[in-house]
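In: requesting a structural model of the entry that follows:
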Amino acid sequence: MYVQSTEEGNTTPYLALDQMTDNPFHLGEDHSKVSPMLTLAIGILSDEQFYIISLFMIYVSQIINICAIIANSLCLAVFVKLGFSEPSNISLTALAVCDFTLAVLSTWSNLCFWLTYHDVRLPFHSAKVSYLTGGIQYAFLSTTVAWVTAFISFERCLCILVPLKVRRLITPRGTFVAMLIIILLTFCPSFFTFIRYKFVWVFNSYLNRTILNTSPVNSKLAILLEKISFAICGVIQPLLAFSIVLICTVLLVVQLKKISSWRMSVTSTKSQWVQLAENPGASSSASEARISQKEERLVRMVVAIATIFIVSYIPTCIALLCFVVFDEFNMFGVYRRLFTVSGYMLSLGQPISGSVNILIYYKMTSKFRSVFRRLVRLDRQEQERQDLE
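Out: Numbering: from 1, shown residues only. Sure thing, here's the model as predicted:
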């Protein structure tokens, strides 16, 4: 790790994230001679605090990313074996693919920063290159995850509200097309970033060699496209998807409570068919309850997935608002340290959600549990244990 001596004789770690100097192992300039207000604005955290927090978050994030990669790989294997005749399998597969890709992108970014922190002389500027090849894609793909979750929640709402019509409204082909449209509108605009920034080879005086770096394209069209894509895909779409998930989750919870209460009242008095014979007007409610009882576990599973998403996505919504309100709250602004640390913290939410989903599927879906146990050969191990006993 590169260190710089201070006037007091201490050594202060300077990290490999500086965007203003030729030294890629230097986060910020020496602020000992600037005003306290400017130091506060640029630093927020001291060099040593920033180094410790960043390195700790990288280690934690990498562990969670590995868990997410393994978990979503198993989910994809199970869904492939289950087939895609059910619309829910298609949307859940899309969610697993997005979570897997997010974990891979986060792993790549963390690896770049980790190598730089340990003074590995990379042939490229790690902060800028990983930002364009991982960070931007991660941000846009998070929006894709939000919309896929919103679609899953909306689909389950239709199953509760209009159970007799949902099979005509939600079909496997329609779900597949919906997933493609979501990806097209949320993730593909991330490539507009390469209109605003380009890769260039520059000579680095600190390393005394040419390295791969990035350079902004200051044309009016490039700047306009960046602003539009960020406003739509970086702010409006995530907040709108979050709102849809929140509303649908509330509706699902309310409807589940109503149906559970109705079922309990029917069970406590007479059988369902006797109730229908005496009160023909209740046939609609009874039909709804029968259908909901058949899919109740799937609905509860969706509620669990949506709830975890809501909890993990709230910090992201706050960060998006800060990104809009504060002009310098970005990778290249004066608040870059605070932005970097908050980025580490926010990057934990999505992988945690992706890692936990497999536990929800296993607990609440018998088909998933059965295929998963055969996939990892748990059933065979139990059978062999019983044979030995």
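In: what's the longest helix in this protein?
Out: Longest among the helix segments of the chain by residue count, using DSSP state H, is helix 47-82.
In: list the buried ones in that one?
Out: Neighbour counts over helix 47-82 (16 or more other CB atoms under 10 Å) mark 47, 50-51, 53-55, 57-58, 61-62, 64-65, 67-69, 71-72, 74-76, 78-79, 82 as buried. Any C-beta I mention is one placed from the backbone N, CA and C, and that applies to glycine too.
In: wait, V148 touches A94, no?
Out: Yes: the criterion here is CB atoms under 8 Å, and V148 meets it with A94 at 5.3 Å.
In: now do the helices in the stretch 251-389 of the chain.
Out: Taking DSSP state H, counting those that start in this stretch as the test, the helices found in the stretch 251-389 of the chain are 272-278, 283-294, 296-325, 336-364, 366-375, 378-388.
In: for the longest helix of the chain, what is the average pLDDT?
Out: Helix 47-82 shows a mean pLDDT of 88.
In: where does this protein have low pLDDT?
Out: 1-46, 260, 262-295, 320, 324, 327-334, 378-389 (pLDDT under 70).
In: center of it, which residue is that?
Out: Q350 (3.3 Å; CA atoms, centre = their mean).
In: spatially nearest residue to that residue (excluding sequence neighbours)?
Out: Distances taken as CB to CB, 6 or more residues apart in numbering place L102 nearest to Q350, at 5.2 Å, with adjacent residues excluded.
In: measure that neighbour to A146 for me?
Out: From L102 over to A146 the distance is 11 Å, taken as CB to CB, to the nearest Å.
In: next one: A231
Out: A231 sits 16 Å away from A146, going by CB to CB.
In: between these two, which has more neighbouring residues?
Out: Neighbours were counted for A231 and for A146 using other CB atoms under 10 Å; A146 has more, 26 against 12.
In: now the strands: where do they sit in the stretch 1-150 of the chain?
Out: Secondary structure of the stretch 1-150 of the chain (DSSP state E, counting those that start in this stretch): strands at 3-5, 11-13.
In: touching, M57 and T340? I think so.
Out: No: using CB under 8 Å, M57 is not in contact with T340, being 9.3 Å away.
In: which parts of the stretch 1-150 of the chain are helices?
Out: 36-43, 47-82, 87-117, 126-130, 136-161.
In: same for the third one, what does it pack against?
Out: So that's helix 87-117. With contacts defined as 3 or more CB pairs under 8 Å, 6 or more residues apart in numbering; DSSP states H and E, helix 87-117 has these neighbours: helix 47-82, helix 126-130, helix 136-161, helix 172-186, helix 336-364.
In: which one of the ones you listed lies closest to V253?
Out: helix 136-161 (10.3 Å; CB to CB).
In: that closest one: what's the following helix or strand?
Out: Counting by DSSP states H and E, the element after helix 136-161 in chain order, helix or strand, is helix 166-169.
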